[in-house]
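1. With the sequence up front, the predicted model follows.
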2 protein chains.
Amino acid sequence: MTQPARFDIIAIGNAIVDVIARADDDFLAAHGMTKGGMQLIDAAGAEKIYAAMGPGLEMSGGSAANSLAGMAALGARCAFIGVVADDQLGQVFRHDLTALGVHFTTPARPGQPPTARCLILVTPDGQRTMNTFLGASQHLGADAFDAAQIADADILYLEGYLWNADASRAAMAGAIAMARAAGRRVAFTLSDGFVIAAHGDDFRAMLDAGDIDILFANEAEIMALSGLDDFDAAVAKIAAQTPLLIATRGEKGAVAVSNGVRHIVAAEPIDQVVDTTGAGDLFAAGFLAGLAQGRSIDDCLTMGALCARAIIAQVGPRAQCDLAAMVAARLG
Amino acid sequence: MTQPARFDIIAIGNAIVDVIARADDDFLAAHGMTKGGMQLIDAAGAEKIYAAMGPGLEMSGGSAANSLAGMAALGARCAFIGVVADDQLGQVFRHDLTALGVHFTTPARPGQPPTARCLILVTPDGQRTMNTFLGASQHLGADAFDAAQIADADILYLEGYLWNADASRAAMAGAIAMARAAGRRVAFTLSDGFVIAAHGDDFRAMLDAGDIDILFANEAEIMALSGLDDFDAAVAKIAAQTPLLIATRGEKGAVAVSNGVRHIVAAEPIDQVVDTTGAGDLFAAGFLAGLAQGRSIDDCLTMGALCARAIIAQVGPRAQCDLAAMVAARLG
């Protein structure tokens, strides 16, 4: 028998502060960025892009951390593991999670490099293009957590972006084993096509081993992971390997397949997409918060769609509106 | 004869990064804050408020710097003098001005204290309440500028907030004298009732001496400065002491008195006030940019009203929309 857990979810993720600025398509082209994607940059690259980009706003980010912030706002009991540096951006990142009641005790890492930042360019169509300097976050290794922590949450949530750093990637097998040993579920988000291109074999092996209980993917990601260029076929293939698959498709809504049963939800209508940063993260937040509340898969999907709409109607990936009130207004 | 100036305006102001979070009226009351006002806090006070407030977003701020950012976005040639620390928030502040083409070469101050920050609570009615930790910005003294710099701008723009720090306050008489000696105009914003309560005698003496060519005030400020509790009487009294007075009244619009001639503008209609942070700063930006373009006082007022509306329709005091396009759509 598993013990009752202190947390609904514990997430391991890159601890990143976003720097968000408006840009046009020409800017992306001039800097060799792939619109809508994510690329890793080093310190020199970050300096160069920052010097060229317009005035920014800073908001805490990080994919799993964004999801956790949304879940906490929706009332879930959350814990986070991630590495910031002992600097001002690190303080900002920590504050923005703990202010929501998220348990976050990973110590700040002294010295260089500084806290991770993601330079995000938002084009007039609302699409975001990300340039990530991993900084201190890449020093998240196996020493950042232990079995007792992992065992104390119903769900362990990992982001594919963790596979970008050698230390983090190596540590994740251990985290998954700890969750398995404690009888907990493992949730995983594929994060980005770039990550799948580099580490898709790892992810497919995890699915083959039955190590992923809940998988989040967007349309491009599930096709990349499956090797199929038809969305429905890709969903069918991957759904056979995990008890719960959630595949999002932007304005085409989302699909969940739970133990072989398919559920769909339409995207929530929106007047203007301001900034897609965090759309997938907040879909996951709404869905997982619904799961933690024991809601039906259909209601979980609705919560995901509501949260995703809320986040693309604003700048930045941390909700400035009252997510709980928004969900209560729809679902009670 | 005065020489042609390199810049339309040079502003001296506190170099501050804003940390903006949502809060309710109870939070303000619990922390003894006066809604809509500004209070100075020390490092311990900043830590206490930050620990209690919700997740934030960070955006460069500072009253005169906000105005300058708006003016630069509107095409004015701008320079800034202000002191940041050699830290991450200081880099953010510098980037956000220089990215707009503002000339800003005041060196960062090494060591403690850190860059100034303003903890801003925005209540559901959109009103902002500010708590300012002056940090490095209070070390702006007479050594931060010289006569050649001041002489190289048509207008010297000062914020009343500078009077909050001893070093800055003492330096401002010198800056004004430099502008006068070079045949330049001096513009001044009263900033806040708190500042007038403490330093109103200084401001009245500056008016008596004929040292202020352009004065910005809101309704409460001009009444506090004049000692009169009737807005029109206050405007009439102060307008007799300065060639150009601009008095803003929020949703009641604004008044300008230029060499004795009164001009009015209505507030621009707005669906929802999101956050009033920077409303006065952006009104001044629009007005001064209009002056720099040689527009009529009526058009300058319209530009002020347009910019103020743009900034209260978003979170934070630096415009995320295209101010120049907005003005061009109205005035050509």
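-> In hand now; what should we look at?

2. helix, strand or coil for residue A:49?
-> Following DSSP: H, G, I helix; E, B strand; the rest coil, the label given to residue A:49 is helix.

3. thinking it is in contact with residue A:119, fair?
-> Yes - between residue A:49 and residue A:119 there is a contact under C-beta atoms under 8 Å: 5.1 Å. Backbone N, C-alpha and C define where each C-beta goes, glycine included.

4. and these two? which has more neighbours close in?
-> For residue A:49 versus residue A:119, the count of surrounding residues by other C-beta atoms under 10 Å in any protein chain shown is larger for residue A:119: 25 against 20.

5. what about residue A:273, distance to chain B?
-> Look at residue A:273 and chain B: by C-beta to the nearest C-beta, to the nearest Å, they are 15 Å apart.

6. Need phi/psi at residue A:46.
-> Phi and psi for residue A:46, reported as degrees, to the nearest 10, are phi -60, psi -40.

7. What is the burial count for the closest residue to it other than its chain neighbours?
-> Closest residue to residue A:46 apart from its sequence neighbours, by C-beta to C-beta, 6 or more residues apart in numbering or on different chains: residue A:133 at 4.1 Å. By other C-beta under 10 Å, 25 other residues sit near residue A:133.

8. which ones are touching residue A:133?
-> Applying C-beta atoms under 8 Å, 6 or more residues apart in numbering or on different chains to residue A:133 gives the contacts A:40-43, A:45-46, A:116-119.

9. quick one, phi psi at it?
-> According to degrees, to the nearest 10, residue A:133 has phi -100, psi 110.

10. And residue A:322, by the same measure?
-> Note on residue A:322: its backbone torsions stand at phi -90, psi 100 [degrees, to the nearest 10].

11. Just the pLDDT at it, thanks.
-> pLDDT for residue A:322: 95.

12. so the residue nearest to residue A:46 bridges to which residues?
-> With DSSP bridges as the criterion, residue A:133 is bridged to residue A:117.

13. Looks like residue A:256 contacts residue A:301 (just checking).
-> Yes - using C-beta under 8 Å, residue A:256 is in contact with residue A:301, at 5.6 Å.

14. Could I get the buried residue list for the helix or strand hosting residue A:44?
-> Using DSSP states H and E, residue A:44 falls within helix A:43-52. By neighbour count on 16 or more other C-beta atoms under 10 Å in any protein chain shown, the buried set for helix A:43-52 is A:46, A:49-50.

15. For that helix, name the packing helices and strands.
-> Applying 3 or more C-beta pairs under 8 Å, 6 or more residues apart in numbering or on different chains; DSSP states H and E, one finds that helix A:43-52 contacts strand A:116-122, strand A:128-133.

16. Got the confidence number for the residue in the stretch 101-250 of chain A that chain B sits nearest to?
-> The stretch 101-250 of chain A approaches chain B most closely through residue A:114 (7.0 Å), counting by C-beta to the nearest C-beta. Listed pLDDT for residue A:114 reads 98.

17. Next up, the contacts around it.
-> Residue A:114 neighbours (C-beta under 8 Å, 6+ apart): A:85, A:87, A:89-90, A:135-136, B:88.

18. Against residue B:123, how distant is the one residue sitting closest to the centre of chain A?
-> Centroid-nearest residue in chain A: residue A:63, 2.9 Å away (criterion: C-alpha atoms, centre = their mean). Distance, residue A:63 to residue B:123, using C-beta to C-beta, to the nearest Å: 31 Å.

19. coming back round to it: was I right to think the residue nearest to the centre of chain A contacts residue A:13?
-> Yes - at 6.1 Å, residue A:63 and residue A:13 qualify as touching, with contact defined as C-beta under 8 Å.

20. shared neighbours of those two, anything?
-> Contact criterion C-beta under 8 Å, 6+ apart; residues shared by residue A:63 and residue A:13: A:159, A:161.

21. need the contact list for residue A:100.
-> Contacts of residue A:100 by C-beta under 8 Å, 6+ apart are A:69, A:72-73, A:78, B:54-55.

22. One more pass at 7 Å, please.
-> The neighbours of residue A:100, taking C-beta atoms under 7 Å, 6 or more residues apart in numbering or on different chains as the test, are A:69, A:72-73, B:55.

23. just to confirm, which helix or strand has residue A:168 in it?
-> helix A:166-181.

24. what comes up buried for that helix?
-> Buried, per 16+ other C-beta under 10 Å, within helix A:166-181: A:168-169, A:171-172, A:175-176, A:178-180.

25. Keep these, but drop any that are not near chain B.
-> Checked against chain B using C-beta under 7 Å from any C-beta of the partner chain, those yield no neighbours at all.

26. which of these lies closest to residue B:241?
-> residue A:168 (64.7 Å; C-beta to C-beta).

27. Contacts only, for that closest one.
-> A:138, A:140-141, A:162.

28. how about 6 Å then?
-> Residue A:168 is in contact with A:140, A:162, counting by C-beta atoms under 6 Å, 6 or more residues apart in numbering or on different chains.

29. So which bits of chain A are right by chain B?
-> Taking C-beta under 6 Å from any C-beta of the partner chain, the part of chain A that reaches chain B is made up of A:54-55, A:57-59, A:87-89, A:96, A:99-100, A:318.

30. re the thing from before, from the contacts of residue A:100, which ones fall inside helices?
-> A:69, A:72-73 (DSSP state H).

31. Same list (the residues you listed) but as JSON lines, adding neighbour count and distance to residue B:261.
-> JSON lines is the format used below for the ones in helices among the contacts of residue A:100 (neighbours: other C-beta atoms under 10 Å in any protein chain shown; distance: C-beta to C-beta, whole Å):
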{"residue": "A:69", "neighbour count": "30", "distance to residue B:261": "54"}
{"residue": "A:72", "neighbour count": "26", "distance to residue B:261": "57"}
{"residue": "A:73", "neighbour count": "27", "distance to residue B:261": "53"}
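
32. Now the stretch 201-332 of chain A against chain B: closest residue?
-> Per C-beta to the nearest C-beta, the residue of the stretch 201-332 of chain A with the smallest distance to chain B is residue A:318, at 5.7 Å.

33. Spell out the secondary structure type for that residue.
-> At residue A:318 the chain is in coil, as set by three-state DSSP.

34. ok, so what distance separates it from residue A:60?
-> 6 Å.

35. got it, and residue A:243?
-> 31 Å.

36. And residue A:52, by the same measure?
-> Residue A:52 is 23 Å from residue A:60, by C-beta to C-beta.

37. Sketch out the low-pLDDT regions of the stretch 1-150 of chain A for me.
-> For the stretch 1-150 of chain A, applying pLDDT under 70 flags the ranges A:1-2.

38. Alright, I will stop here.
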